[in-house]
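**Q** got a predicted structure plus its sequence, pasted below:
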Amino acid sequence: MTMHMNDWIDVGAVDDVPVRGSRIVRAPEGDIAIFKAADGEVFALRDKCPHKGGPLSQGIVHGRSVTCPLHNWIIDLETGEAMGADHGCSNVVALKVQDGRIFMDARRLAAAFA
Amino acid sequence: MTEKLVVIGNGMAAGRVLDNVFETAPDRYAVTVFGAEPRVNYNRILLSPVLSGEKAFEDIVTHDDAWYAANGVNLRKGVNVVAVDRAAKTVTDSTGAVTKYDKLLVATGSNPFIIPIPGVNLPGVVTYRDLDDVNAMLAAAEKGGHAVVIGGGLLGLEAAAGLAVRGMKVSVVHLMPTLMERQLDAAAGYLLQGAMEARNVDVITKANTKAIFEQDGRAAGVLLDDGRTLPADLVVMAVGIRPNASLGKDAGLAVNRGIIVDDEMRTSDADVFAVGECVEHRGQCYGLVAPLFEMAKVIAARLTDDPAPRYEGSFLSTKLKVTGVDLFSAGDFADGPDRDEIVLRDAARGVYKRLVLKDNTLIGAVMYGDTADGSYFFELVKSGEDVSDIRDTLIFGRTFAGGASADPNAAVAGLPASAEICGCNGVCKGTIIDAIGAKGLTDINGVRAHTKASASCGSCTGLVEQILAMTLGDGFQKAKVEPMCGCTDLGHDDVRRLIVAKELKSIPQVMQELEWKTSCGCAKCRPALNYYLLCDWPQEYTDDSQSRFINERVHANIQKDGTYSVVPRMWGGMTSPSELRAIADVADKFAIPAVKVTGGQRIDLLGVKKEDLPAVWADLNNAGMVSGHAYAKGLRTVKTCVGTDWCRFGTQDSTGLGIKIEKFMWGSWTPAKVKMAVSGCPRNCAEATCKDVGVICVESGYEISFAGAAGLHVRQTEFLCKVATEDECMETIAALTQLYREQGRYLERMYKWSVRVGIESIRAAVVDDAAKRRMLYARFVLSQKTAQIDPWAERVAGKEAYEFAPIRQLDLAEAAE
Ligand code: SRM
Ligand SMILES: Cc1cc2nc3c(=O)[nH]c(=O)nc-3n(C[C@H](O)[C@H](O)[C@H](O)COP(=O)(O)OP(=O)(O)OC[C@H]3O[C@@H](n4cnc5c(N)ncnc54)[C@H](O)[C@@H]3O)c2cc1C
Ligand code: SF4
Ligand code: FES
């Protein structure tokens, strides 16, 4: 479909995501976790830990990373990469913020679940 | 024959003389101490933290009953000496008894000065000298209202700050234009005034009090010279002190302002010594502890036949113990034509430093806002050394002066052995180094135990650690405390101590003040800090849900597939048909895949979807059930057996007691999970002897044991005590839990805590010392006031609703774009 479709999907207000916390965007293929760091910047990752699939959205957010709630892997919010000695990556979804609202890049959405 | 030493006055000076005497000659004297106060000796300078609530009285006791017993000291609590007969060498006390002495020590301290104005004798007017005064202030503060503190010196300001913390509206009335004018110059006094005002203390300077007026036979306010009146339910008179020398005078000793002593600390009678605030030496009377520590050394030497030490007067430095106000002054800082000054101001940081020099030596220093170099400047004042070479950078302190390296240990390394490190207990660097060597100490706790340094207010802990590092080199590095996590070098215990000492009340404040290395911590330190703040400031701290592990954030246990399990409380393991029916209904309604009886005598609903949680809880709430905290670092279960209700062997109502305990203690957060059990007889069907706290009922009462476990480690509980009634049982268990809450490191189970601090120390606090037990119990009860809110009901009512719903649900079309 290449008609006049929006490439950016409005998924909600920045204010609706708690600072040092996260919310989920529920897509048919699975969940995307939106994180907000202490400085207010937002990030999106597929809500699935590269280790054993733990829901990253339920972890503790610190700095620009999140600690998975299941076995404490630490995932970089900017790259989706596991940090430290662990190896693995959770796919990043591009975001942009306009007038206090968060937009997700629809074209990359499918790729996140690839 | 042992000689008889009689001591009049049981204050700080007396305590220190005896410490020093017993150190060198434990058996030389049979000692009798008369203390007008009806209690053991305590650290008077820490009364302000007691007033403000940072410490309890038992925290500031320096010599407890056990100490007097161990040293064979006959302490006459609450007994005044009323006369001394030097010819007969006897003292007469307020009971009329006469006691003989060979050597007499007068240590009667000083009396608060009371300005002679109308109304000073009214009820509601207090001075600030001893624990009774603190208790009187606390009783007044309980009722709230206005307090007027007359006097803006050290004592007055500490009283004012404490009363403000306790919720009174406080005004300080001060005669001079700036506060603490004897210790501070005008600029620092001005900064201090701002800091007091920021603590809700009104400061009125250049104000002369004319009278205290009354209403209904009590003090009701203060009238100033200029006609202004200030309402007051409490008036604190803190305008200065006078040496308490009357007894010495009546005994015919030479007395001027104080009892006159020579450099050997002898009065005009060679067998009578005097020490502390009651003396006058070379025309000086002192009102701080540093001089009396020096005096005490000389007297102890004289009493143990060491002729060498002499007392030649003291230099003084001052700090104010109002938490959050950093202030230091030493020496002489008046202006003068023959003097130079160096001033540094940093308005943004509220820092002011001023050094006064004369003939190329430093003679005085005033610092406000950043006092880290206080002891360095103080040493330069005392030594009188020529500072011309380092003058350019002197104001920046030790690290810069003379181009010394930025080695953090350098500041301490450069101090002479006589430099005082611990102001509360008068311990100098040399003493600490000697103790490290002689006793083979390797950590801060060892130094605390053997020298008392850092054992009181703790503000010198960093310095003491530097001395350890410097003395032991690598030896100390190895023994270093394990940091909480990579975000800080501090260990759990230091962080906890500093949270209390510096009154840190939020996570960002802790991170700022304790210099966290990361911007907002990590998943290890944030939950720990959240717990410590919650435990230490139960009334004030707001829980930070983003610093909680997911289970405690959403009040259910996360499962490996991202669903949750829900465990409602079943008090003491008891349930009913209607509860069971509600559980069954919930399981059906939400298609919950598994229902299981747990190992903790209750039922687990497993596999609940996150977004269903609030609705599941609402149904359970409606059937009268609340969260079982199966996920919490808090009270989990209290298992019980059937006890006297049904069992042929039961000795007490074990089920009823278990339910009572669970209803009383649920909701309290603890360092790690806490599980309890009550068995009705020693057959122990509730498995009480492998729980964090277990009670075994017997015919004559309740045997309480604790520190058991049956998880990763299997451990039988340790016997704590036996009590006769349910009430005593509850009080003991709550006190024990509170002690654990206050001392346990985050994630440290009770059995690990007990090994670390020692079972004996726990028993001493919770069993042997009834006063301490009641204090712990009271603190537990206080924290329960804000803790017993069912988290499920809160969320059903809408709290943190965002946790349970996606921010956006995309439909297929959108997602396919
Ligand atoms: C549900 C339950 C098993 C059951 O089906 O019976 C259970 C389930 C879990 N236990 Fe347990 N324990 C359960 C009773 C016990 C018991 C028995 C008891 O309480 O009498 C023990 C041994 C007693 C003890 O604690 O000393 C026990 C020792 C542990 C341990 C080891 C603790 C230790 O310090 O050694 C862990 C691991 C931990 O806490 O770090 C643990 C951890 C867990 C966790 C929370 C694992 C986790 O982090 O996900 C499990 C959560 C399951 C869930 O989602 O509900 N569970 N666990 C029991 C819940 C009791 C309740 O009603 O609250
Ligand atoms: C609230 C407060 C805060 C302080 N803060 C500091 C500080 O931060 N830094 C600092 O250096 N100093 C501080 N001080 C001062 C310090 O406490 C005193 O310098 C020190 O206590 C003096 O010790 P002392 O033994 O001479 O007198 P005290 O400690 O007062 O002891 C004298 C004792 O003798 C008893 N007594 C008197 N007469 C008799 C008698 N006839 N028979 C029997 N007993 C008698 C008294 O009841 C009293 O208990 C503070 C004082 C107070 C009150
Ligand atoms: S503990 Fe004793 S009283 Fe309780 S059920 Fe077992 S045997 Fe009966
Ligand atoms: S699933 Fe995330 S750490 Fe194991």
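**A** Here it is on my side, so go on. Ligands and ions are numbered 1, 2, ... in the order given.

**Q** ok, is stretch B:91-109 in contact with ligand 2 or not?
**A** Yes - Stretch B:91-109 reaches ligand 2 (C-beta under 6 Å from any ligand atom) through B:107-109. (C-beta placed from N, C-alpha, C; glycine too.)

**Q** skipping adjacent residues, who's closest to B:Ile241 in space?
**A** Once flanking residues are discounted, B:Ile241 sits nearest to B:Ser110: 4.1 Å by C-beta to C-beta, 6 or more residues apart in numbering or on different chains.

**Q** which residues of chain B lie near ligand 2?
**A** Near ligand 2, when you scan chain B using C-beta under 6 Å from any ligand atom, you find B:8-14, B:34-37, B:44-45, B:47-48, B:80-81, B:107-109, B:128-129, B:155, B:158, B:244, B:247, B:276-277, B:287-290, B:292, B:321.

**Q** about what we covered before: tell me if I'm right that the residue nearest to B:Ile241 and B:Pro243 touch.
**A** Yes - using C-beta atoms under 8 Å, B:Ser110 and B:Pro243 qualify as a contacting pair, with a distance of 5.0 Å.

**Q** where do the contact lists of these two overlap?
**A** Residues touching both B:Ser110 and B:Pro243 (C-beta atoms under 8 Å, 6 or more residues apart in numbering or on different chains): B:277-278.

**Q** neighbour count for these two, which is higher?
**A** B:Pro243 (24 against 20; other C-beta atoms under 10 Å in any protein chain shown).

**Q** in the lowest-mean-pLDDT helix or strand in chain A, which residues are buried?
**A** Lowest on mean pLDDT, DSSP states H and E among the helices and strands of chain A sits helix A:106-112, with a mean of 77. Within helix A:106-112, the residues that count as buried by 16 or more other C-beta atoms under 10 Å in any protein chain shown are A:106, A:109, A:112.

**Q** ok, stretch B:320-328 next?
**A** B:320-323, B:325-328.

**Q** repeat that for stretch A:97-104.
**A** A:102-104.

**Q** with stretch B:709-716 instead?
**A** Neighbour-count burial for stretch B:709-716 flags B:709, B:715 (criterion: 16+ other C-beta under 10 Å).

**Q** over to stretch B:341-355?
**A** B:351-355.

**Q** which one of the residues you listed is nearest to ligand 4?
**A** Ligand 4 has its nearest neighbour among those in B:Val351, at 45.7 Å by C-beta to the nearest ligand atom.

**Q** and the closest one, what's its pLDDT?
**A** Looking at B:Val351, its pLDDT is 80.

**Q** same deal with B:Arg756?
**A** 86.

**Q** okay, now the unreliable bits of chain A?
**A** A:1-6 (pLDDT under 70).

**Q** domain parsing for chain B?
**A** B:3-110+B:243-303, B:125-239, B:326-401, B:410-475, B:492-548, B:552-632, B:635-789 (automatic domain parsing).

**Q** in chain A, which spans are strands?
**A** A:8-13, A:21-27, A:30-36, A:42-46, A:60-62, A:65-67, A:74-76, A:95-98, A:101-105 (DSSP state E).

**Q** can you lay out the domains of chain B as JSON lines showing distance to ligand 4?
**A** Putting those into JSON lines (distance: least, C-beta to the nearest ligand atom, whole Å) gives the following:
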{"stretch": "domain B:3-110+B:243-303", "distance to ligand 4": "41"}
{"stretch": "domain B:125-239", "distance to ligand 4": "44"}
{"stretch": "domain B:326-401", "distance to ligand 4": "42"}
{"stretch": "domain B:410-475", "distance to ligand 4": "35"}
{"stretch": "domain B:492-548", "distance to ligand 4": "11"}
{"stretch": "domain B:552-632", "distance to ligand 4": "8"}
{"stretch": "domain B:635-789", "distance to ligand 4": "18"}
